[in-house]
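**Student:** no sequence on this one, just coordinates:
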């Protein structure tokens, strides 16, 4: 398969040159809800590559339809990444270019794109960031909590190691950012309150979507709120760091 045209397109939208004879891996940010957040550069990259590796091919299909590109799709998620990665690496080392996109937002943050990026770098493949929306940073900047120093913790362990992780964060002075699913939100707020104490918190859900909501309170108040209002959507919890001695 000829890939010269694809590589030429890549050079127009990327300042990093490809390694000789190899393609490029583009880490492409996509909207976390509002399709208006899709960047022009992201569209051009997704149109120009040979493959799009998508965490959710159904959502990727909606993006393709909305922005008018018909690039070949391949599924790439936590349950098939070890099997699918060798094929993608071979495509890259053979001179084809690949874009990886997540379910929503910037790939590599709490999703399987990190695995592909490390393998690409190990094979001397150029990895190119194409920035886009990110739920953690979006929640942080509207939280009202300090933004100059923060730490991203992603999802807490569902069972084993959960309390141990929180205990390690008890004295962390930077603002803490967590992701959480709706069915575990109340439990997580309970655990944060029990281990960290009644700190200030902002709980954001459905960012950029129709039912976007940010609850700014303390952990006790947020817990009471979501005990009476059933959590729906995807959540980001931004919690105040420990007080400086």
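**Tutor:** All right, it came through fine. What you are looking at is a predicted structure, and each value in this text was computed from that prediction instead of being measured.
**Student:** and what about residue 177, helix, strand or coil?
**Tutor:** Of the three states, residue 177 takes strand under DSSP: H, G, I helix; E, B strand; the rest coil.
**Student:** could you give the bridge partners of it?
**Tutor:** Beta-bridge partners for residue 177, by DSSP bridges, are residue 152, residue 238.
**Student:** burial count for it?
**Tutor:** Counted with other CB atoms under 10 Å, residues neighbouring residue 177 total 22. (Each C-beta comes from the backbone N, C-alpha and C, glycine too.)
**Student:** and for residue 159?
**Tutor:** Residue 159 has 6 nearby residues by other CB under 10 Å.
**Student:** cool, residue 147 as well?
**Tutor:** Residues near residue 147, counting by other CB under 10 Å, number 13.
**Student:** which residues are contacting the one helix or strand residue 168 maps to?
**Tutor:** Secondary structure from DSSP states H and E places residue 168 in helix 162-169. The contact list for helix 162-169, computed with CB atoms under 8 Å, 6 or more residues apart in numbering, reads 151, 153, 156-157, 176, 191-192, 195-196.
**Student:** now that helix: mean pLDDT?
**Tutor:** Per-residue pLDDT over helix 162-169 has a mean of 96.
**Student:** and the helices in the protein?
**Tutor:** When assigned using DSSP state H, the helices of the chain occupy the ranges 4-13, 40-48, 57-67, 81-93, 113-122, 135-143, 162-169, 185-196, 219-228.
**Student:** reformat the ones you listed as CSV; add mean neighbour count.
**Tutor:** Compiled in CSV, the helices of the chain are given as follows (neighbours: other CB atoms under 10 Å):
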stretch, mean neighbour count
helix 4-13, 15
helix 40-48, 19
helix 57-67, 15
helix 81-93, 17
helix 113-122, 17
helix 135-143, 20
helix 162-169, 14
helix 185-196, 18
helix 219-228, 16
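**Student:** alright, calling it a day.
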